[in-house]
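Novice: Here is a sequence with its predicted model. Questions after.
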Amino acid sequence: QPSDIPQCPSFPMTIPIPALIDHFSPLAPRYDAVLSDVWGVVHNGVAAFAEACDALTRFRAGGGTVILLTNAPRQSEVVTGFLDKLAVPRTAYDAVVSSGDVARAVLEARRNDAVFHIGPDRDHSVFTELNIRFASPARADFVVCSGLFDDTTETPADYRDLLGQLKQRNLLMVCANPDLVVERGHELVYCAGAIADLYQSMGGEVLFAGKPYRPIYEQATERVAALRGAEVPLPRVLAIGDSVRTDLLGASAFGIDCLFVTAGIHATELGGRETIDHGALADMFGEAGVLPKAVTRRLAW
């Protein structure tokens, strides 16, 4: 699995940005399945977005299949429990596929190796029932990073010395959440991807378990096929997300359309949650070298 983020050919900066739509319903009939991001689209870590939940529920009522595709470094059943606490209705989705699920598959393949874990205790569910041996940086065989030990006070820079020790031993890092930041309420907090990027910039080897990398999309589309009893052609699959780095680039590299939500982690860069700076949006897509199918402020039917 490559450690670099999937790239797409650059577009001329003069290319017009996709249409801005306020409602998902006109776009919905083109697709049989939706792979929707969670944080920033369905909730903000504190409360569910009622309009988004309603839109996904209506899509399912019309015969569509919804997989919530998240870079949460926890197993899907743990994510489901968190969604229940935020009052995200189960009518809004058929299943959850998480980067924690993908990371767990890597752990199962290396269950005899000792692990050094970087991340909070709440992420330990990814190790459940695997009889994993934990070890110090000096004795571990590889590293699993699921986040910061304390994302309320720390930044990736606080980890530079630790990462230097890991690099000295040339330890592989499995990044269980490739997100750089995520919304918690109206604040942005650092995620495992920010630490993994720093480690990679120091010459460390990183295996990214979630979006924008292919394995999580393969697992999600396999789940869609199982639920529907047949494979869905990729042109009939739509990704919905608020991150250029993970959602948009990941969807494009996998060969599926993307509906880009602006009132998420890029809101400040794009002029706010209610207004969009079209010049900034065009620059963002131009720099990424990829365009979504359509743009919306927030997901609503």
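Specialist: Yep, it's here.

Novice: Give the residue spans of this structure that score low on pLDDT.
Specialist: Where the chain drops to pLDDT under 70, the residues are 1-16.

Novice: hmm, try it at 90
Specialist: Residues of the chain meeting the criterion pLDDT under 90: 1-20, 45, 73-75, 105, 122-126, 128-130, 179, 181-188, 245, 263-282.

Novice: tell me the contacts of the one residue sitting closest to the centre of it?
Specialist: By Cα atoms, centre = their mean, the chain has its centre lying nearest to residue 71, at 3.6 Å. Contact analysis of residue 71 by Cβ atoms under 8 Å, 6 or more residues apart in numbering lists 98, 99, 177, 178, 179, 191, 193, 210, 211, 246. Every C-beta, even on glycine, is put in place using the N, C-alpha and C of the backbone.

Novice: Now those in CSV, please, with extra columns for neighbour count, secondary structure and distance to residue 158.
Specialist: Formatted as CSV, the contacts of residue 71 follow (neighbours: other Cβ atoms under 10 Å; DSSP: H, G, I helix; E, B strand; the rest coil; distance: Cβ to Cβ, whole Å):
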residue, neighbour count, secondary structure, distance to residue 158
98, 30, strand, 26
99, 32, helix, 23
177, 31, coil, 17
178, 27, coil, 20
179, 28, coil, 18
191, 27, coil, 14
193, 29, helix, 16
210, 29, coil, 23
211, 35, coil, 25
246, 28, helix, 23
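
Novice: circling back to that earlier point, excluding chain neighbours, what is closest to the residue nearest to the centre of the chain?
Specialist: residue 210 (4.0 Å; Cβ to Cβ, 6 or more residues apart in numbering).

Novice: Ok, residue 197 next?
Specialist: Using Cβ to Cβ, 6+ apart, the closest residue to residue 197 is residue 180 (6.9 Å).

Novice: Kindly report the same for residue 188.
Specialist: residue 181 (4.4 Å).

Novice: Next: residue 29.
Specialist: That would be residue 62: by Cβ to Cβ, 6+ apart, it lies 7.8 Å from residue 29.

Novice: distance of that neighbour from residue 92?
Specialist: According to Cβ to Cβ, to the nearest Å, residue 62 stands 13 Å off from residue 92.

Novice: Need the overlap of contacts for these two.
Specialist: Counting by Cβ under 8 Å, 6+ apart, nothing touches both residue 62 and residue 92.

Novice: Helices along the stretch 1-150 of the chain, start to end?
Specialist: For the stretch 1-150 of the chain, applying DSSP state H, counting those that start in this stretch gives helices covering 50-61, 76-85, 99-109.
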